[in-house]
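>>> Sequence first, then the predicted structure, then my questions.
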Amino acid sequence: MSNYVVIMAGGGGTRFWPKGTSKLPKQFMKIVHESDSMIQQTFKRFDGFIDVSKIFVVTSAEYKGLVKKQIPKIPEANIICEPFGRNTAPCIGLACLFIKQFDPKGNVLVVPSDHIINDLAEFHRVVSCGLKYVSENGGIVTLGINPSKPETGYGYIQYDLEHMTGVNLRELDGNELHEKVFKVKTFAEKPNLELAKAFIISGDFLWNSGMFIFRVDTMMEEIQNLLPDLYTPLEKLQDKLLSNDFPKLLELAYSQIKGISIDYGIMERTHHVHTIRSNFGWSDVGSWDEIYNLREKDVHGNVTEGRTVLVDTKNCLIINDQRITATVGVEDLLIIDTDNGLLICKKGESQNVKEVVDYLKRKRLDQYL
């Protein structure tokens, strides 16, 4: 029984317009670090921790070339291409089919391709404990993040403080790791501010990181029981993975599959989900506001990229690709200027940038997407 990683990299990144586009979505952008894109950072997180032959990337067929270019160490056979997006449950189910052919009971860690983790050693420690837990006990482990503030942009996990299992793991250097794995009570959608404050006060809620650990057989059984309309077309593909007709068969299967997230389809319905309280410097980098929070600021609280002239400007994020950007007497703004368009947004409102993208789609202004 081996350990595998599945990197989900098919999203469109609509919250990062105008810099993030359908041709270059968030996961392939260098928006936090100058040297690496988000997916390159994600891959490096596991390079040396998990054998490269056991790292898989699930992406859209149109992004296969970008994956190969940005992560040349990934075997091409490990790049799983969806014909079109159907949300995270089909994505994870498809990845399990590929891993199942090598290891029907393999341990799998599923991660998004566009998150930030600052404490890599702690992350590896938590993941190692989670992998050992599912190997021995089955079930699903989700990595919950100890909340540092009442955040309205994240989903939450409520866990049972009285239902806990200990996991012990001995490292190569002889040190023994111990971690508590808690039974999950419920999942909560992104709350308003007052409810988020109540979650923090209660002391038994964690941020939902969207990272999951499970055995292949466990996840396939959950899909079979809870999402039979997904399981049936996927199971028919199991013996066709290496055939020349597989891309066409997969497209046919996906045309019959309803899009559904792993949270709605499995996590909120199963009775076999647990969580590990984690604190490894995590961010989902879900908006331009998060970019501002993560980047280094000047003495006036500004973050800039590209040529800028700032006069009496405070606490702003200003990014431009080509032209010079000048600001006078403004504060608390997010200004992103690219060839695709100019975004001027009040700080705290960047979650709504996706509404701009929705408008452009409705008006069929695809040249700006």
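Received the coordinates, thanks.
>>> Quickly run through the sheet partners of the helix or strand of the chain with the lowest mean pLDDT, with directions.
Lowest on mean pLDDT, DSSP states H and E among the helices and strands of the chain sits strand 156-170, with a mean of 83. With DSSP bridges as the test, strand 156-170 is paired with strand 176-188 (antiparallel), strand 205-215 (antiparallel).
>>> Now do the longest one: everything it contacts.
It refers to strand 176-188. Identification of contacts with strand 176-188 by C-beta atoms under 8 Å, 6 or more residues apart in numbering yields 125-126, 128-130, 133, 141-142, 155-161, 163-171, 195, 199, 204-205, 208, 263, 267-268, 273-277. All C-beta spots, glycine's among them, are computed from the backbone N, C-alpha and C.
>>> Now do the very next helix or strand once past that strand against strand 156-170, angle only.
Following strand 176-188 in sequence order, the next helix or strand is helix 193-202 (DSSP states H and E). Put simply, helix 193-202 runs at 40 degrees to strand 156-170, going by axes from the mean of the first three to the mean of the last three C-alpha atoms, to 10 degrees.
>>> got the contact list for the residue lying closest to Glu331 once chain neighbours are set aside?
Closest residue to Glu331 apart from its sequence neighbours, by C-beta to C-beta, 6 or more residues apart in numbering: Lys314 at 4.1 Å. Lys314 makes contact with 300-302, 330-332, according to C-beta under 8 Å, 6+ apart.
>>> try Phe205
Neighbour list for Phe205: 147, 156-159, 188, 199 [criterion: C-beta under 8 Å, 6+ apart].
>>> Would you format those as a markdown table with distance to Phe49 and neighbour count included?
Formatted as a markdown table, the contacts of Phe205 follow (distance: C-beta to C-beta, whole Å; neighbours: other C-beta atoms under 10 Å):
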| residue | distance to Phe49 | neighbour count |
| --- | --- | --- |
| Pro147 | 26 | 16 |
| Tyr156 | 28 | 24 |
| Ile157 | 24 | 26 |
| Gln158 | 30 | 17 |
| Tyr159 | 26 | 24 |
| Ala188 | 31 | 17 |
| Phe199 | 32 | 21 |
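>>> Would you mind measuring from the residue nearest to the spatial centre of the chain to Phe212?
Nearest residue to the geometric centre of the chain (C-alpha atoms, centre = their mean): Pro112, 2.4 Å. From Pro112 over to Phe212 the distance is 10 Å, taken as C-beta to C-beta, to the nearest Å.
>>> swap in Gln367?
37 Å.
>>> what stretches of the stretch 101-250 of the chain score poorly on pLDDT?
Where the stretch 101-250 of the chain drops to pLDDT under 70, the residues are 168-177.
>>> show me what contacts Thr304?
Contacts of Thr304 by C-beta under 8 Å, 6+ apart are 298, 310, 317-319.
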